[in-house]
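Colleague: Structure for the following, please:
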Amino acid sequence: MAGIGFELRKLLKSDTYSGLLQAYLYAGVISSGSWVLSIVGVLIIGFMSLSVVVPDFLVTQFQVSVTYIMVGSLVLTGVIQLAFTRFIADRLYEGNEEIVMPNFNGLLLLVMAASGGLGVAALFLFFGGVGAAYKLLLLGGFVAMCCIWVTTLALSGMKYYKTIVVMYGAGYAISVLAALVLRPFGLEGLLAGFIIGHIVLLTGMLSLIYRDYPSSRFVAFDFLKKGVMYPSLMVSGFAYNLAVWSDKIIFWFHPDTGQNVIGPLRASLIYDFPIFLAYLSVIPGMAVFLVRMETDFVEYYQKFYDSVREGGTLEYIEEMRDEMVHTIRQGLGEIVKIQAIAVLLTFVLGPSLLRWLGISELYLPLLYVDVVAAALQVVLLGLLNVFYYLDKRLNVLALVLFFLAANAILTVATLKLGATFYGYGFALSLLATVVIGMLLLDRRLERLEYETFMLQ
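Modeller: Next up, the predicted model:
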C-alpha cells in the first residue's frame, strides 16, 4: 500500500475531527471495501434468489461454487501476488514504466494458461456427474477471478486504490443485477450473472492499465528472468493464502463437520457463517492499521533511511530509529485496542445479532472465538507490513509457514476434541504467530542500525 500515505496525510493535515474521520473512513474503504463488496454481492444474489430459484438448495450450490472459485484463485495466484507487485513497484521506482505493460500481459497469459489448465484437469477428474453448462461456467469464473486478482495487484502497484474500490462496486452491482435477471435459469443463471459482472470488472481495470501504460511491446516475460522475482515472496504469498483458508478447508472435508453440496464441493454449515460474521468486525482495525502504518510509521521510516543515505549524524539516525519503533508500537497498540472494542461489542450484541439473522444461539461460542481470531489476523497483517517495509522477506516467510502448519495441525486437533473446541485451532495458531512475530520484530529493530550499515 506504499503511496496511500500521501492521501491520508492530506486529510490529517487539517487537524480537525472531520479530517480525522475522513482519513479513517477513506482507509476503511480502501483496505476492506473490495472484499466487503464481493461478500455482500454474493449474499444479496443468494438472498434475493431464494423465492425464485427452485429448489432452494441451488442457491446454496451457487454460493459454495463462488466460494471455491475465490479460494482456488487466491491460492493459485498467491504464488505471484507479492512477487509481481514488488516487480512493478521496483520498475516504477526506476522510472522504467514502459516495461510494465508487456510484462503484465505476459503474466496475464501465464495465469490464464495455468488456471485454465488446472481448471480443466479438475473438472475432468472430479466433476464427472455434473452438467456441462455448470462445468463451463465454473471454469470461466475461475479463470476470470484469477485474472482479476492479477489485475488488481497491478493497479495497486500503480497506486490506483480508489479506482479499484469504485470498479469493484460497479462490477458487483452488475453481477447482482445480471444474476437477478438470469435467476429463472437456476444455478447456471446465477453463475452466468456472477461471471458477467466480473468480466465487466476485468475489462474496466484492463482498459485503465492499457490507457495509462502504453508500450511499444505487447508481451514480455522479463519477470521470469533469474533474480528478478523473489522466491521468498512467491512462497510467502502462496503460504499465507493457504494458511488463512486451511482451517476452513479442513472443516469442509472432515466427515463430522462437512456436507456435500455439488460434485466434489463441500461446505461446513457449523463453521462457515460465524467466520464470515467475524471477518466483518475487522474493518475498523484495518482502517487504523492503514492510517497508522502508512502515515506516522512511513514518515519516520523515510527519515531514517534518508539520513543513512545522505550522511546524517548518528544521533539523528538513532532518534529516527527510536521514533520509528515508537510509532510501530503505538500503531500495533491502537489496532489491538480497536479490535478489543469490536470483540467486546460482539460479545454484547452477538445474541441479538444471531436472533435478528434467524440463526441459532448455539453458534455464539464459535462466533466469539472467530472474532478474537479475526482481530489477531489484523495484528498479524500489521506485523507483516512492517517486516516488508524493512525488507525482511525471510522473516515473513518463516512466520507464514509457521502459521500454515500451526493452523492445520491445531484445527485437526480441535476437531478430535469436539465441538466445544471448534475455532480454537485458527485462533491459537494466529496468537502463536503474532507472539513470535512481535519477538522477532523486537530483535530486528534492536539491530536495525547494525544491519542497515553492515549487511548492505
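Colleague: any idea which helix is longest in this structure?
Modeller: Of all the segments assigned as helix in the chain under DSSP state H, the longest by residue count is helix 314-357.
Colleague: Give the next helix or strand downstream of that one.
Modeller: From helix 314-357 onward toward the C-terminus, using DSSP states H and E, the following helix or strand is helix 364-389.
Colleague: so how far is whatever helix or strand comes next after that following helix off the chain centroid?
Modeller: Scanning the chain past helix 364-389 towards its C-terminal end, the next helix or strand to appear is helix 393-417 (assignment: DSSP H and E). From the chain centre to the centre of helix 393-417 is a distance of 18 Å (Cα atoms, centre = their mean, to the nearest Å).
Colleague: Helix 393-417 versus helix 364-389: what angle between them?
Modeller: Taking axes from the mean of the first three to the mean of the last three Cα atoms, to 10 degrees, one finds helix 393-417 and helix 364-389 inclined to each other by 170 degrees.
Colleague: ok, and what's touching helix 393-417?
Modeller: 230, 232-233, 235-236, 239-240, 242-243, 246-247, 250-251, 254, 256-257, 380, 383-384, 387-388, 421-426, 428-430, 432-433, 436-437, 440, 444 (Cβ atoms under 8 Å, 6 or more residues apart in numbering). C-betas here are computed from N, CA, C, even on glycine.
Colleague: in the helix or strand just after it, what's buried?
Modeller: Taking DSSP H and E as the definition, the helix or strand that follows helix 393-417 towards the C-terminus is helix 424-446. Residues 424-434, 436-437, 440-441, 445 are the ones in helix 424-446 that count as buried (16 or more other Cβ atoms under 10 Å).
Colleague: Same check on stretch 111-130?
Modeller: 111, 114, 115, 118, 119, 122, 123, 127.
Colleague: State the distance from the closest residue in space to residue 62 that isn't next to it in sequence to residue 390.
Modeller: Taking Cβ to Cβ, 6 or more residues apart in numbering as the measure, residue 62 lies nearest to residue 190, with 4.3 Å between them; neighbours along the chain are not counted. In this view, residue 190 and residue 390 are 45 Å apart by Cβ to Cβ, to the nearest Å.
Colleague: before we move on, what about residue 401?
Modeller: Noted for residue 401: a distance of 19 Å to residue 390, by Cβ to Cβ.
Colleague: Between these two, which is the more surrounded one?
Modeller: Regarding residue 401 and residue 390, a neighbour count based on other Cβ atoms under 10 Å identifies residue 390 as having more, with 19 against 16.
Colleague: need the contact list for the closest residue to that one other than its chain neighbours.
Modeller: The shortest distance from residue 390 to any residue other than its chain neighbours is 6.4 Å, reached at residue 444 (Cβ to Cβ, 6+ apart). Contact analysis of residue 444 by Cβ under 8 Å, 6+ apart lists 387, 390, 392, 395, 451.
Colleague: Tell me how far residue 444 lies from residue 325.
Modeller: Using Cβ to Cβ, one gets 10 Å for the distance from residue 444 to residue 325.
Colleague: The residue lying closest to residue 56 once chain neighbours are set aside: how many residues sit nearby?
Modeller: Residue nearest to residue 56 in three dimensions, not counting chain neighbours: residue 50, with 5.8 Å by Cβ to Cβ, 6+ apart. Per other Cβ under 10 Å, the neighbour tally for residue 50 reads 13.
Colleague: right, and residue 50 touches residue 60 too?
Modeller: No: here residue 50 does not reach residue 60: they are 9.8 Å apart, not a contact under Cβ atoms under 8 Å.
Colleague: ok so, going back, can you tell me which of the buried residues of stretch 111-130 are in strands?
Modeller: Filtering the buried residues of stretch 111-130 for membership in strands, criterion DSSP state E, returns an empty set.
Colleague: I'd like those residues as a markdown table, with pLDDT appended.
Modeller: Written out in a markdown table, the entries for the buried residues of stretch 111-130 read as follows (pLDDT from 0 to 100):
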| residue | pLDDT |
| --- | --- |
| 111 | 95 |
| 114 | 95 |
| 115 | 95 |
| 118 | 95 |
| 119 | 94 |
| 122 | 93 |
| 123 | 92 |
| 127 | 89 |
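Colleague: Show the low-confidence segments of the stretch 351-456 of the chain, by residue range.
Modeller: Low-confidence segments of the stretch 351-456 of the chain, defined by pLDDT under 70, are located at 357, 455-456.
Colleague: follow-up on the earlier one: and the longest helix of the chain, what does it pack against?
Modeller: Helix 314-357 sits against helix 283-292, helix 298-309, helix 364-389, helix 424-446, helix 448-454, with contacts defined as 3 or more Cβ pairs under 8 Å, 6 or more residues apart in numbering; DSSP states H and E.
Colleague: for those, which one sits closest to residue 161?
Modeller: Relative to residue 161, the nearest member of the helices and strands packed on helix 314-357 by Cβ to Cβ is helix 283-292, separated by 9.8 Å.
Colleague: I'd like to know which helix or strand in the protein has the lowest mean pLDDT.
Modeller: Comparing every helix and strand of the chain by mean pLDDT, DSSP states H and E singles out helix 4-12 as the least confident one, with a mean of 60.
Colleague: Test my guess that residue 281 contacts residue 376.
Modeller: No: look at residue 281 against residue 376 with Cβ under 8 Å: they stay out of range, at 11.8 Å.
Colleague: before we move on, the earlier item: distance between the longest helix of the chain and the chain's centre?
Modeller: 19 Å.
Colleague: now do stretch 352-369
Modeller: Stretch 352-369 has its C-alpha centroid displaced from the chain centroid by 25 Å (Cα atoms, centre = their mean).
Colleague: tell me which residues in that stretch are buried?
Modeller: Applying a neighbour-count criterion of 16+ other Cβ under 10 Å, one finds 354, 363, 364, 365, 366, 367, 368, 369 buried in stretch 352-369.
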